[in-house]
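*Asks:* from the sequence below, what's the structure:
(one chain, ligands or ions: 1)
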Amino acid sequence: MVPKISTLSGYIFEYQKSVTNPTGFWSNLADTFYWRKKYTQTLEWNFEKPEIKWFINGKLNITENIFERHMFHRAEQAAIIWEPNNPEEAYRTITYKELFAEVKRFSNVLLSLGVKKGDRVAIYMPMVPELVITMLACARIGAIHSIIFAGFSSQSLGERIMDAGAKILVTSDGGYRGAKTIPIKQISDEAMESCKCVEKAIVLKRTGENINMKPGRDLWWHDLMATANDTHKAEEMDSEDPLFILYTSGSTGKPKGLVHTTGGYMVYTAYTFRNVFQYGDGDIYFCSADIGWITGHSYLVYGPLLCGATTLMFEGIPTWPDAGRFWDIVDKHQVAQFYTAPTAIRSLMAMGLEWVKQKKLDSLKVLGTVGEPINEDAWHWYHDHIGKDRCPIVDTWWQTETGGIMITPLAGIIPTKPSYATLPFMGIQPVIVNPEGKELMGNSVEGNLCLDFPWPGIARTIWGDHERFKQNYFAAFPGKYFTGDGAKRDEDGYYRILGRVDDVINVSGHRLGTAEIENAIDEHPLVSESAVVGYPHPIKGQGIYAYVVCKQFSTGGEEGIKNSILMAVTNFIGSFAKPDKIQIVSGLPKTRSGKIMRRILRKIAEGQTTDFGDTTTLLDPEIVNEIIKGAEKLK
Ligand code: 7RM
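*Replies:* Predicted coordinates:
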């Protein structure tokens, strides 16, 4: 079992070791896993190139560390408890042995379709166990999975499939989300029309609705699995072979396909999972994230299963059939650790205490949050009403790029402070730098959050574009990984994450690039240009504010155009990216060199009407007054 630290002095001791002798520290941990062939060198790195390699020449398969390694002790233990969207439908418990058999069968299915090591398999599925089976089967045969969150539109799905060059798409007929049914196969069909690379689509039956099955391309999951056999020897992978690609938004351009590799990701997700949540044998652990995001990859699937945990997977949404659903699940399955996003906490908090009052919640030991800064109100509500004042809250800061949790309390060990992610995890060396790149030493400082030294879970590249990887993360402050976040280190040395300092926004825990939304809006034939900024939103964390310049008004006037803009965004990205506010303006505040002064637009979106700082470079200062007036009407 992956070692667990259990005291504050233990943390201090291990942390010291992890930064004074990182290679010794991580190789000791790596040795608790099963390697076909032991690595010959622990780490090789260069943040200038950048090049990062962990556990060099090690040979392994991550699924052997999930299944074969646990078969002796845990064969009959639940690996997954699956709670369906509809509480009246039966839940499923899948043991390690059963999950293993399914993964081996699906591995054979993929092999029979000609999938080879290194091939990409795109996955667009609802939150059902077959999604986990698919990803682990990919890992078992050495195919690289690329999971696309099932809330993305066909356009976004198609772009991601093409960028990865996936030759198989695994999808489902439909999916349930609260009272809604999502036409997943129909969206997949639209996406596949533009993707020549997809040879076969495997379709799971979930909703049983009528769908088109294209002869020669589309195959039913159940037909393929009916004849598949459940013996399969895992492919031997190199530590640095890619495990998966996951797309995430940046401040510019198309979403980036971050590449995570096998050995380092395995060691890092398992070790962080066990220690941050203080997971112990017999605990039921529930992470509410969708597997389409990194939190689902690392802390619903890989971290927990590598630790031999029981991970609870929920198909539905927190507010259906009512706002007590999470707490019903906690009571029904006796959840010990619960991990969710601040936006979910805020939305449930807004629905009132009546949804919490009748629930016991006495199985809970640890609460976690991730995805965005948690405000003090939400922290206290979570702490008092869900944790009943007895469960530590772990506010975990990390990113798609980091693979795993970076700055965090260890539950019950590191004293917490509301809205603080507290202290770095083992092996993590955060630094705060000013805009000129000078490192700010000591406590009580604030600036750009960077990382000075590699950790095993860091992404290795952007799929097909290493130069972009370098420019995005390693160019702003040479020799350091730049997170894109601002942070403060307070008088106790505790870290508080202040949010993004670039044009990435965080809406209901979904990470979006403002440029992506602008591109979608600009596709509208009547729009000449647009600027999107985030603004504080009581539930979503950040709301989306779009300033739009139109060529002319069509029939339907302003309302008509706003509605069709919302539709355009839904079609291009997905409905979760729809602007909360659209302001039609006659122009945008620009500098003489043509750059949009986003700083001003952000302040206006926040409700500010004066004090815009230095505006001397503005081409047309009058436009600012016009926008302020228009903004007041929108309130
Ligand atoms: C895990 C995840 C990453 C961005 C990151 C931050 C923000 C994440 C916290 C947080 C404050 C936190 N990956 N973020 N966790 N901000 N406190 N505990 O969310 O790639 O989707 O987003 O999310 O801005 O850079 S992500």
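*Asks:* hey, let's count contacts and neighbours off CA atoms from now on
*Replies:* Noted.
*Asks:* return the distance of residue 401 relative to the ligand.
*Replies:* Remark: distance between residue 401 and the ligand (C-alpha to the nearest ligand atom, to the nearest Å) = 6 Å.
*Asks:* once you drop chain neighbours, what's closest to that residue?
*Replies:* Leaving aside its sequence neighbours, residue 401 sits nearest to residue 459 (C-alpha to C-alpha, 6 or more residues apart in numbering; 5.2 Å).
*Asks:* how close does the residue in the stretch 51-200 of the chain that the ligand sits nearest to sit to residue 156?
*Replies:* Taking C-alpha to the nearest ligand atom, the ligand has its nearest neighbour within the stretch 51-200 of the chain at residue 149, 11.8 Å off. Going from residue 149 to residue 156 by C-alpha to C-alpha, to the nearest Å gives 10 Å.
*Asks:* isn't the residue nearest to residue 401 up against residue 404?
*Replies:* No. Using C-alpha atoms under 8 Å, residue 459 is not in contact with residue 404, being 10.0 Å away.
*Asks:* need the residues of the stretch 301-450 of the chain near the ligand, please.
*Replies:* Counting by C-alpha under 6 Å from any ligand atom, the residues of the stretch 301-450 of the chain lying close to the ligand are 370-373, 395-400, 421.
*Asks:* out of these, which is most surrounded?
*Replies:* Neighbour counts for these peak at residue 395, which has 34 neighbours (criterion: other C-alpha atoms under 10 Å).
*Asks:* quick one: whatever helix or strand that residue lives in to chain centroid distance?
*Replies:* If you go by DSSP states H and E, residue 395 is part of strand 393-396. Averaging C-alpha positions (C-alpha atoms, centre = their mean, to the nearest Å) puts strand 393-396 16 Å from its chain's average.
*Asks:* quick one: contacts of that strand?
*Replies:* With C-alpha atoms under 8 Å, 6 or more residues apart in numbering as the test, strand 393-396 has contacts from 276-277, 366-370, 374, 383, 405-411, 416, 419-422.
*Asks:* follow-up on the earlier one: give me the more crowded residue out of residue 459 and residue 404.
*Replies:* Each of residue 459 and residue 404 has its neighbours counted (other C-alpha under 10 Å); residue 404 has more, 29 against 25.
*Asks:* for whichever strand or helix holds residue 99, what is the average pLDDT?
*Replies:* Here residue 99 sits within helix 96-112, counting by DSSP H and E. Averaged across helix 96-112, pLDDT comes to 98.
*Asks:* stretch 628-635 now?
*Replies:* Mean per-residue pLDDT for stretch 628-635: 90.
*Asks:* kindly report the same for stretch 258-274.
*Replies:* Per-residue pLDDT over stretch 258-274 has a mean of 98.
*Asks:* same question, stretch 484-494
*Replies:* Averaged across stretch 484-494, the pLDDT comes to 97.
*Asks:* picking that back up, just the buried residues of the helix holding residue 99, please?
*Replies:* Neighbour-count burial for helix 96-112, counted by 16 or more other C-alpha atoms under 10 Å, picks out 96-111.
*Asks:* stretch 574-590 too?
*Replies:* Buried, per 16+ other C-alpha under 10 Å, within stretch 574-590: 574-575, 577-579, 581-585, 587-590.
*Asks:* up against the ligand, what does this structure have?
*Replies:* 295, 370-373, 395-400, 421, 485, 497, 499-500, 511.
*Asks:* quick one: which of the residues you listed sit in strands?
*Replies:* 370, 395-396, 485, 497, 499-500, 511 (DSSP state E).
*Asks:* what residues are bridge-paired with the nearest residue to residue 626 once chain neighbours are set aside?
*Replies:* Nearest residue to residue 626, sequence neighbours excluded (C-alpha to C-alpha, 6+ apart): residue 585, at 7.9 Å. Residue 585 forms beta bridges with residue 549, as assigned by DSSP bridges.
*Asks:* a strand runs through the residue nearest to residue 401, doesn't it?
*Replies:* No. Applying DSSP: H, G, I helix; E, B strand; the rest coil, one finds residue 459 to be coil, outside a strand.
*Asks:* would you mind measuring from it to residue 51?
*Replies:* Distance of residue 459 to residue 51, given as C-alpha to C-alpha: 10 Å.
*Asks:* one more: residue 284?
*Replies:* In terms of C-alpha to C-alpha, residue 284 sits 38 Å off from residue 51.
*Asks:* same check, this time on residue 559
*Replies:* From residue 559 across to residue 51, the span is 51 Å (C-alpha to C-alpha).
*Asks:* mind listing the strands for the stretch 1-150 of the chain?
*Replies:* 41-46, 51-56, 59-60, 78-83, 92-95, 120-124, 144-147 (DSSP state E, counting those that start in this stretch).
*Asks:* do the stretch 401-550 of the chain as well
*Replies:* 430-433, 445-451, 461-462, 481-489, 495-500, 504-507, 510-513, 527-537, 541-550.
*Asks:* pairing partners for the third one, with directions?
*Replies:* Within its sheet, and counting by DSSP bridges, strand 461-462 is paired with strand 256-261 (antiparallel).
*Asks:* any idea of the angle the next helix-or-strand element following the strand it pairs with forms with strand 51-56?
*Replies:* On the C-terminal side of strand 256-261, the closest following helix or strand by DSSP H and E is helix 262-276. Here helix 262-276 runs at an angle of 80 degrees relative to strand 51-56 (axes from the mean of the first three to the mean of the last three C-alpha atoms, to 10 degrees).
*Asks:* angle of helix 262-276 against strand 41-46?
*Replies:* 100 degrees.
*Asks:* mind giving me the packing neighbours of helix 262-276?
*Replies:* Counting contacts by 3 or more C-alpha pairs under 8 Å, 6 or more residues apart in numbering; DSSP states H and E, helix 262-276 packs against strand 51-56, helix 62-66, strand 237-238, helix 303-306.
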